[in-house]
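fold the stuff below for me.
(chains A and B, ligands or ions: 3)
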Amino acid sequence: MRALTWHGTNDVRVDTHPDPEIINPRDTIIKITSTAICGSDLHLYDGVIPGMKSGDILGHEFMGEVVETGPKSTLKKGQRVVVPFTISCGQCFFCQHQQFSACDNSNPVEKQDASEMLYGHAMSGIFGYSHLTGGYAGGQAEYVRVPFSDVGPIVIPDHLTDDQVLFLSDILPTGWMAADNAEIQPGDTVAVWGAGPVGLFAVQSAVLMGAAQVICIDHHPHRLELAQKFGAKIINFEETHVREALMEMTGGIGPDAVIDAVGMEAHGFTPDNVIDVVKQKIAPGADRGHALRQAILAVRKGGRVSVPGVYGGMLDKWPLGAMMEKGITIKTGQTHVQKYIKDLLRRIEEGEIDTTFLISHHLSLEDAPTGYKNFHDKQNEWTKVVLRPDMAKGA
Amino acid sequence: MEAIESIQMTGENRSAWTVRAPAGQTVTLETETVDVVEGEQIGWRSVEGSQIETSGKVSFTDAPEGRGTVVSAEIGYVPPAGDLGRLVAKLFAAEPNIQARHELKRFKMLMETGEIATGSYYRDQKDNK
Ligand SMILES: NC(=O)c1ccc[n+]([C@@H]2O[C@H](COP(=O)([O-])OP(=O)(O)OC[C@H]3O[C@@H](n4cnc5c(N)ncnc54)[C@H](O)[C@@H]3O)[C@@H](O)[C@H]2O)c1
Ligand SMILES: [Zn+2]
Ligand SMILES: [Zn+2]
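Residues are numbered from 1 along each chain as shown, chains lettered A, B, ... in the order given. Ligands and ions are numbered 1, 2, ... in the order given. Sure thing, here's the model as predicted:
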């Protein structure tokens, strides 16, 4: 099969690999119809996530048709499914508590040592996301092996198109959980850093959860316009002093909840960020936390900080004092996709949530490297790339 | 266990083990079960004529507040002298703690999910370590 393959920093290519096979009883094989490039893939592309090997197949946002099932799979050949990016067994302590992205049993044992050493506990398995999370081949490919297929994949009714449901695999539940973690109360102001796919879904979710005012912060005018369409007020951080503006917009109190949908590669020319950029270049595992620091300083006393943005290692100049003295609550994590996916599919079916506004480009799988380059270099216009194995190269 | 090539029952509480050792060699031993406490523990000990002298036990206790079962393993062995001894020492000395932890985690996976997780996507994928 053909698959998008990581060869090194800023070097991804479409190569030929063996076709996947059923290995464990609960496995299924999916023939991919649509798969997307995520902001998280850009962290791999930039080489800032440890544990990648040349030859790894990327992709954790995908859907398709069931073509083979293991003896213990509950799926049937021919069904259309969306697959959560987190691999979860459904039976361990964490899955039983709906903390699916903390699953104990999906990261192969021999891969658990690294994250256990780094983080104190082993991470769960994730598709196409380094050997820290299992070294699973991802779904930016023609076919993919899906373990625990009786727990993760959700069957999609025929009348919904791929574009309507593909983002149930990650970014829609991620934006939703980000807003859920912000514990929004009536009358609240919620500020969201980042108008990328995750930030935009967090904005949409916060509005649906009843926030009185949602404010989105970024520097790409077109991305900010999309946030505005959902009723958000916007701040361009290149033109406006972010914290001053937020104070003015909240009667001098500060936002009740803040969401960091930027992650470990924040942009900006403030002194803290310039130092972080240099560190990240010389030491993988060093995070850039400019947006998160700003969010922590901006949030009101007693407020909530929700962090869907991905961090992988260590961060310094961490405003711990501000957190303690202001009495802030912080919630974060890889998304518990399986917890939210059913409810979000219903909201899509009922027309409450639209996800198609986000897609700026459809490309053939063969053109995936172009997709990576542009999603990385031209963020303003390239808001989300969907790859289709059935499209012809260059189409 | 990854290093085990085969186990065969040779009697009611006896089994013959073939264990892969470094340098393509194998070690054979025969064990009998001892100190069995129904639902709590199983012990074993090697019988005469085995290439390694070993004994140990696996025990099962309730985790606090009904959070499952704690499985502990104690594995003891006396390495034989000579070439075989060096071979066996190598087999066990490759971080015996980590190996034992890995085996227990695989056991937990198998008990909870009915399978052992692998990141490989086709059966002969050998490089996915
Ligand atoms: N928690 C999860 O399970 C999960 C799932 C998916 C993605 N993520 C993470 O969420 C983050 C965002 O993902 P995405 O797909 O939207 O990525 P993206 O790269 O497309 O978007 C990030 C946006 O942040 C903006 N930005 C950068 N620096 C900023 C700053 N200082 N202030 C305000 N905005 C700034 C960028 O201009 C960009 O528009 C990434 O870190 C990604 O890894 C997490
Ligand atoms: Zn993603
Ligand atoms: Zn689990």
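
put the alpha carbons of stretch A:254-268 into CSV.
Taking Å, rounded to 0.1, in the frame of the first residue of the first chain, the C-alpha atoms of stretch A:254-268 are listed here in CSV:
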residue,chain,number,x,y,z
GLY,A,254,-9.9,39.0,33.2
PRO,A,255,-11.5,36.0,31.4
ASP,A,256,-13.2,33.4,33.6
ALA,A,257,-11.6,30.6,31.6
VAL,A,258,-8.8,30.4,29.1
ILE,A,259,-8.0,27.8,26.5
ASP,A,260,-4.5,27.2,25.1
ALA,A,261,-5.1,25.7,21.6
VAL,A,262,-1.6,26.6,20.4
GLY,A,263,0.7,24.0,22.1
MET,A,264,4.5,23.6,22.1
GLU,A,265,5.4,25.7,19.1
ALA,A,266,4.0,29.1,19.9
HIS,A,267,4.7,32.0,17.5
GLY,A,268,5.7,35.5,18.6
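
and that stretch, average pLDDT?
Here the mean pLDDT over stretch A:254-268 is 92, rounded to a whole number.

check stretch A:133-148 too.
Regarding stretch A:133-148, the rounded mean pLDDT is 98.

contacts only, for the closest residue in space to B:T113 that isn't next to it in sequence.
Nearest residue to B:T113, sequence neighbours excluded (CB to CB, 6 or more residues apart in numbering or on different chains): A:C89, at 4.5 Å. For every residue, glycine as well, the C-beta is placed using N, CA and C. By CB atoms under 8 Å, 6 or more residues apart in numbering or on different chains, the contact set of A:C89 is A:C95, A:C103, A:D104, A:N105, A:S106, A:F148, A:V151, B:M109, B:E112, B:T113.

at 6 Å what do you get?
Taking CB atoms under 6 Å, 6 or more residues apart in numbering or on different chains as the contact definition, A:C89 lies against A:C95, A:C103, A:N105, A:S106, A:F148, B:T113.

separate out the buried members of those.
Burial by neighbour count, 16 or more other CB atoms under 10 Å in any protein chain shown: within the contacts of A:C89 this picks out A:C95, A:C103, A:N105, A:S106, A:F148, B:T113.

export those as CSV, with columns for distance to A:S205 and secondary structure.
Output for the buried ones among the contacts of A:C89, formatted as CSV (distance: CB to CB, whole Å; DSSP: H, G, I helix; E, B strand; the rest coil):
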residue, distance to A:S205, secondary structure
A:C95, 23, helix
A:C103, 24, coil
A:N105, 30, coil
A:S106, 26, coil
A:F148, 26, coil
B:T113, 32, helix
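
report pLDDT for B:L91.
The predicted structure lists B:L91 with a pLDDT of 67.

from chain B, how far off is A:H97?
Relative to chain B, A:H97 is positioned 11 Å away (CB to the nearest CB, to the nearest Å).

what's around that residue, how many residues?
11 (other CB atoms under 10 Å in any protein chain shown).

what's the answer for the one 10 residues further on, then?
Other residues near A:N107 come to 28 when the count uses other CB under 10 Å.

any idea what A:S306 is bridged to?
With DSSP bridges as the criterion, the beta-bridge partners of A:S306 are A:I259, A:K331.

nope, B:D62 is what I meant
Going by DSSP bridges, B:D62 is paired in beta bridges with B:T69.

so for it, what's the pLDDT?
For B:D62, the pLDDT comes out at 95.

and the stretch 151-300 of chain A, which residues reach ligand 2?
With CB under 5 Å from the ion as the criterion, the stretch 151-300 of chain A comes near ligand 2 at residues A:D170.

looking at the stretch 151-300 of chain A, which residue is nearest ligand 3?
Using CB to the ion, the single residue of the stretch 151-300 of chain A nearest to ligand 3 is A:V151, 8.1 Å away.

re the thing from before, where does the residue nearest to B:T113 fall, secondary structure wise?
Secondary-structure element containing A:C89, defined by DSSP states H and E: none, the residue being outside all helices and strands.

from B:L110, how far off is it?
11 Å (CB to CB, to the nearest Å).

chain neighbours aside, what residue packs nearest to A:K229?
Of all residues apart from its sequence neighbours, A:F357 sits closest to A:K229 (CB to CB, 6+ apart), at 7.2 Å.

no no, A:V299
With CB to CB, 6+ apart as the criterion, A:V299 has its nearest non-adjacent residue at 4.6 Å, and that residue is A:V258.

which residues does that neighbour contact?
Counted by CB under 6 Å, 6+ apart, A:V258 has contacts A:A191, A:A295, A:V299, A:V305.
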